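K.L.:
Based on what follows, work out the 3D shape:
(2 chains)
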There are 2 protein chains.
Amino acid sequence: MLEINPARLWQSLMDLAQIGATEKGGVRRLTLTDTDRRGRDQFVAWCKEAGMTVEVDGIGNIFGRRAGTEADALPVAMGSHLDSQPSGGKFDGAYGVMAGLEVVRTLNDAGIRTRAPIEVAAWTNEEGSRFVPTLMGSGVFAGVHPLTEVLNQKDVEGISVRDALNQIGYAGKALPHKLGAYFEAHIEQGPVLEQTKTTIGVVQGALGQRWFDVAITGQDSHAGPTPMETRKDALLAASRLVIEVNRIATAFPDYARGTVGFMQVEPNSRNVVPGEVRMTVDFRNAKDATLSAMVEELERNVVSIEKETRTEITLQEVVYFPPSEFAPDLVDSVREGSKKFGYSHRDIVSGAAHDAVYMARIAPTAMVFVPCEGGISHNEIENARPEDIAAGCNVLLHAVLGRAGSA
Amino acid sequence: MLEINPARLWQSLMDLAQIGATEKGGVRRLTLTDTDRRGRDQFVAWCKEAGMTVEVDGIGNIFGRRAGTEADALPVAMGSHLDSQPSGGKFDGAYGVMAGLEVVRTLNDAGIRTRAPIEVAAWTNEEGSRFVPTLMGSGVFAGVHPLTEVLNQKDVEGISVRDALNQIGYAGKALPHKLGAYFEAHIEQGPVLEQTKTTIGVVQGALGQRWFDVAITGQDSHAGPTPMETRKDALLAASRLVIEVNRIATAFPDYARGTVGFMQVEPNSRNVVPGEVRMTVDFRNAKDATLSAMVEELERNVVSIEKETRTEITLQEVVYFPPSEFAPDLVDSVREGSKKFGYSHRDIVSGAAHDAVYMARIAPTAMVFVPCEGGISHNEIENARPEDIAAGCNVLLHAVLGRAGSA
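P.N.:
Residues are numbered from 1 along each chain as shown, chains lettered A, B, ... in the order given. I've put the predicted structure just below:
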């Protein structure tokens, strides 16, 4: 049975991780910086070594292309991103791109030609650390964001995406093109696979997300002389809200998640009853209707919290991603590949957004998850086991080959 | 019936408020600064105009003294402080000192001599904004803090209390002396008197205080991929604790108060489950046993919160003030004075610490509270009504006169 070369894949990941390597073993390769440029150059060089043609589009997405035997067949694409968080790891994004490259190398070694062309995509600025929005390159490619609008986005130093692309030489001319299918291999970034000792996550889709900015207004007052019953404690209201968000996410079905990750208290002094709190709410769910029901339940409870704490609470929605369901036949091919190799596998959803979420809007899409150590990512200590990395790539290889068809 | 001169008292307060006046109508007169020096100089000048002798002790406390007819009688003292918060008001502290001065002026005008000497004290650094500890001058006078230790305390710029005292010329030589009684007039700094339309608060004592620094350690993780049941959300634990602190303070008797005024979340990013929270707990109660019971109940509940949220919580006690009970006969004299003038009055406790709390350890002590607008203090908009300010001073006058005895 056709298998990828585990050592070569691992070595490519480690070589790539040298570009922007941090002291703690992580990677800092912020999008469209010179470090990112070096990562891109390395990827392009490897693509060419593997006999692929390379194109760059207007937002800097890179496509390595291995020709198929049928000129008109839509390409079967793989990919992910090369940019990292400010203190990121070696695998987030890089794995999906290097796994795609390894699939091509394996096909080359085996002398296999495919009916449909095969592409390996490196999407620009998935992380959104330097420029917003996140998933920028795949968003432009999928027609979610107009190119010119995104090119005008600026980082904190006032440098535009357009200027940054020009500066690193990745402002390309290629136009968006149609894809026959899209596969993305990725570390899970969560604990489920590791905790259940599972090698392959068969990703059903990605959770929908609704994000809110919350402002709570009470009245700051002296902690000593102010009796409990006359207080307007914004932090008490905020705490009630945190518990409510967690209760809702625990009570609702369909992979419900609810997080308050950010909170700022004013005046934040130990002997002053807080008069103001700003916080965030992040709700996720696999089903849009359930996601809406979670939000409605929170909004209902906000009214009672306001009344009981004598505060005013405003919720403003700032992000909405609908849930994405991946293509059932592609998802099946990931499951079948796992079975073929005897890898333990389980159905899973992606709690985070990935470039695949936008690809799913324009092409049949699936993802392959592999475990990462402690479920940790977006961190320099992010880690994964070579055997899992290889397993995910083997599954990817067979799924892609099945879709592209041996010639 | 002997009455103070309301216009003169008000004018002295307004004149004093010119020293360090802020644009928003407040006062910034940080302890031992040149602004504080000007406030002190003004007070000393007024004392001398009123025929008092003036002494300054080693920590810069100022004592204006009006002689009594009995050479051995212990002085009956009044006072408070002249320093303010960085953005303070016109009345906090200043009122107690100016009211003492007005009592002396009134006795002078009426030609009344007293058996015991009368003193007006201005205690150094009550606020603790520039140098810790708070209540510095009264603490040294009452023997709570050794003088040399306190003189070595430094502000954020590295200037010691000793140097600051020398620089403004208020490093005195007077030694602590015995007091026969101590009275302090003060704005309430809380909402009770205003809300109950009461003119005089007959202060029974001050709440005891136990302050804690709390550290909560969970595990930060990605808000999307991390299922609710595996999270170690430090902010969820912190929120449970906030609600517990408020529940305990509402459930316990004896003027129980509980406040979480400060909270800091790490990494404080909207799509990351918080791994760490630092927060504070401020418990107050009129009875030491009840105060301890509140702490014990919190500690018990911390154990269940830890278990249920899979976090670790440490509480470290950083401040303990036992409750102070004021002298019943002096408290009675405040109540009687209110009745004599027909002022509405009610028993009240001081939720905040005052210099009177330390005086209560070495002499019979009482306080007179008057309402302040909206219960607000430590703020430039701190305000009080002239008629209430005058009423409190009338009550003070008669309480002091009763204790010092007409000669």
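
K.L.:
Surely A:Thr53 and A:Gly64 touch.
P.N.:
Yes: using CB atoms under 8 Å, A:Thr53 is in contact with A:Gly64, at 7.5 Å. Any C-beta I mention is one placed from the backbone N, CA and C, and that applies to glycine too.

K.L.:
Between those two, which has more neighbouring residues?
P.N.:
Between A:Thr53 and A:Gly64, counted using other CB atoms under 10 Å in any protein chain shown, the more crowded position is A:Gly64 (27 against 13).

K.L.:
does that one sit in a helix or strand, and which one?
P.N.:
Under the criterion of DSSP states H and E, A:Gly64 resides in strand A:62-66.

K.L.:
Run the chain-centre distance for that strand.
P.N.:
21 Å (CA atoms, centre = their mean, to the nearest Å).

K.L.:
What mean pLDDT does it get?
P.N.:
Average pLDDT, strand A:62-66: 98.

K.L.:
which residues sit in contact with A:Trp38?
P.N.:
Quick fix: residue A:38 is Arg, not Trp. A:Ile19, A:Gly20 (CB atoms under 8 Å, 6 or more residues apart in numbering or on different chains).

K.L.:
hmm, try it at 10 Å
P.N.:
A:Leu16, A:Gln18, A:Ile19, A:Gly20, A:Arg29, A:Leu82, A:Ile168 (CB atoms under 10 Å, 6 or more residues apart in numbering or on different chains).

K.L.:
wait, isn't A:Leu82 in contact with A:Ile19?
P.N.:
Yes: at 8.9 Å, A:Leu82 counts as touching A:Ile19 under the criterion of CB atoms under 10 Å.

K.L.:
out of those two, which sits in the more crowded spot?
P.N.:
A:Leu82 (29 against 21).

K.L.:
any idea how far the more buried one is from A:Leu101?
P.N.:
11 Å (CB to CB, to the nearest Å).

K.L.:
Tell me what A:Val202 is bridged to.
P.N.:
When assigned by DSSP bridges, A:Val202 has beta-bridge partners A:Asp347, A:Val368.

K.L.:
related to what we said a few turns ago, partner strands of the strand holding A:Gly64, parallel or antiparallel?
P.N.:
Strand A:62-66 has these strand partners (DSSP bridges): strand A:53-56 (antiparallel), strand A:118-123 (antiparallel).

K.L.:
Please identify the deepest-packed of the ones you listed.
P.N.:
Greatest average neighbour count among those goes to strand A:118-123 (a mean of 28), per mean count of other CB atoms under 10 Å in any protein chain shown.

K.L.:
Tell me the helices and strands packed up against the helix or strand just after it.
P.N.:
Note on strand A:118-123: by DSSP H and E, the next helix or strand toward the C-terminus is helix A:136-141. If contacts are counted by 3 or more CB pairs under 10 Å, 6 or more residues apart in numbering or on different chains; DSSP states H and E, helix A:136-141 sits against strand A:76-81, strand A:118-123, helix A:147-151, helix A:355-359.

K.L.:
try 8 Å this time
P.N.:
strand A:118-123, helix A:147-151, helix A:355-359 (3 or more CB pairs under 8 Å, 6 or more residues apart in numbering or on different chains; DSSP states H and E).
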